[in-house]
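Trainee: structure for the following, please:
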Amino acid sequence: MGQRTDEANTKPFKCLVADDSTFARKNIGSIVAKIGGVVVGEASNGNEAVELYFKLRPDLLLLDITMPQQDGVDTLRKIVEGDKEAKVIMVSSIGHKEMIWRALCLGAKHFITKPYNAEYAGWIIKSILEGKKEESPCATNI
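Mentor: Numbering: from 1, shown residues only. Next up is the predicted model:
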């Protein structure tokens with residue numbers, strides 16, 4: 001009988017990607033696939049992200065800061081209100097430092113900046129899923 005490897009016993013993690021850019025969703029989705037995950041849903045705005053999060057219950061949400069109908073910070077707030085254990089990584093361009101800080105204070109686990117460095121993004125995602133990143137440094141919620 002053949003031996004089972006650790007890889008064969010490992011289920012892929014489920015990821016929801018929320019970004020108004022189709023290109024960005026596909027780009028980060030390919031990084032997720034390379035590190036053993038599967039994108040179970042894609043949202044193009046904040047309202048869709050909230051709906052899909054609670055419908056699909058992914059292991060991880062990659063959430064863009066700037067989206068139509070509802071920005072990433074408000075989307076994060078609604079998700080964390082309904083799931084205190086949500087693992088959310090914010091995705092942003094460099095110019096949104098204040099919004100990233102607010103998101104971290106609300107419970108986001110980390111952030112990744114665009115354009116993506118695939119190796120670094122993969123490391124951050126795996127670290128969050130393994131529980132290796134510390135909680136937010138914020139003393140109070142915003």
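Trainee: hey, let's count contacts and neighbours off CA atoms from now on
Mentor: Noted.
Trainee: list the buried ones in the helix or strand hosting Leu76?
Mentor: Using DSSP states H and E, Leu76 sits in helix 72-82. For helix 72-82, burial by neighbour count (16 or more other CA atoms under 10 Å) applies to Gly72, Val73, Asp74, Thr75, Leu76, Arg77, Ile79, Val80.
Trainee: same check, this time on stretch 36-51
Mentor: 37-50.
Trainee: that stretch - what's its average pLDDT?
Mentor: Mean pLDDT, stretch 36-51: 97.
Trainee: ok, now stretch 97-108?
Mentor: 87.
Trainee: so which bits of it are buried?
Mentor: For stretch 97-108, by 16+ other CA under 10 Å, it's Met99, Ile100, Trp101, Ala103, Leu104, Cys105, Leu106, Gly107, Ala108.
Trainee: the fifth one contacts His110, correct?
Mentor: Yes - counting by CA atoms under 8 Å, a contact exists between Leu104 and His110, whose distance comes to 6.8 Å.
Trainee: okay, the residue most central in space within the chain and Ser44: tell me how far apart.
Mentor: In the chain, the residue lying closest to the centroid (CA atoms, centre = their mean) is Leu62, at 2.2 Å. The spacing between Leu62 and Ser44, counted by CA to CA, to the nearest Å, is 12 Å.
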